[in-house]
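In: Below are the sequence and a predicted model; questions follow.
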Amino acid sequence: MPDPDNRRKQRWKLDGVPWVIAPEHRLLHVVGRMPKYHLQSDGVVMIESATLDGAMPCVSIDNDSANI
């Protein structure tokens with residue numbers, strides 16, 4: 001959860017759509033989501049950060065050990 005008093009828990013927001021890869025190339029990003037973090041992250045990196053705020057297509061592994 002965001003916490004304005006804790007630098008480690010602050011979220012950033014992109015000011016535009018990032019260029020990730022040329023459109024003709026296929027890309028799939030795998031992210032981990034853990035139930036104890038309400039499926040928002042793997043406990044290490046927030047999903048928005050890992051996917052550049054949705055700019056990278058992704059699938060998730062939803063499991064208690066998704067960060068292993």
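Out: Yep, that arrived. Numbers count the residues shown, from 1 in each chain.
In: which ones are touching the most centrally placed residue in the chain?
Out: Geometric centre of the chain, nearest residue: residue 47, 1.7 Å, by C-alpha atoms, centre = their mean. Contacts of residue 47 were listed using C-beta atoms under 8 Å, 6 or more residues apart in numbering, and they are 31, 33, 40-41, 58, 60. All C-beta spots, glycine's among them, are computed from the backbone N, C-alpha and C.
In: Quick one: end-to-end distance for stretch 17-28.
Out: Stretch 17-28 has an end-to-end distance of 17 Å (criterion: C-alpha to C-alpha, to the nearest Å).
In: Please disregard the earlier target; I meant stretch 56-68.
Out: End-to-end distance of stretch 56-68 (C-alpha to C-alpha): 22 Å.
In: For it, give me every contacting residue.
Out: Contacts to stretch 56-68, defined as C-beta under 8 Å, 6+ apart, come from residues 20, 27-36, 39, 42-44, 47, 50-51.
In: Go again with 10 Å.
Out: 18, 20-21, 26-37, 39, 41-45, 47, 50-52 (C-beta atoms under 10 Å, 6 or more residues apart in numbering).
In: re earlier: name the nearest of the contacts of residue 47 relative to residue 4.
Out: Among the contacts of residue 47, residue 40 lies closest to residue 4 (C-beta to C-beta), at 17.0 Å.
In: Check whether that closest one really touches residue 34, as I assumed.
Out: Yes: between residue 40 and residue 34 there is a contact under C-beta atoms under 10 Å: 8.7 Å.
In: who's more crowded, these two?
Out: Neighbours were counted for residue 40 and for residue 34 using other C-beta atoms under 10 Å; residue 34 has more, 19 against 12.
In: measure the more buried one to residue 41 for me?
Out: Residue 34 is 7 Å from residue 41, where distance means C-beta to C-beta, to the nearest Å.
In: same thing with residue 7?
Out: 16 Å.
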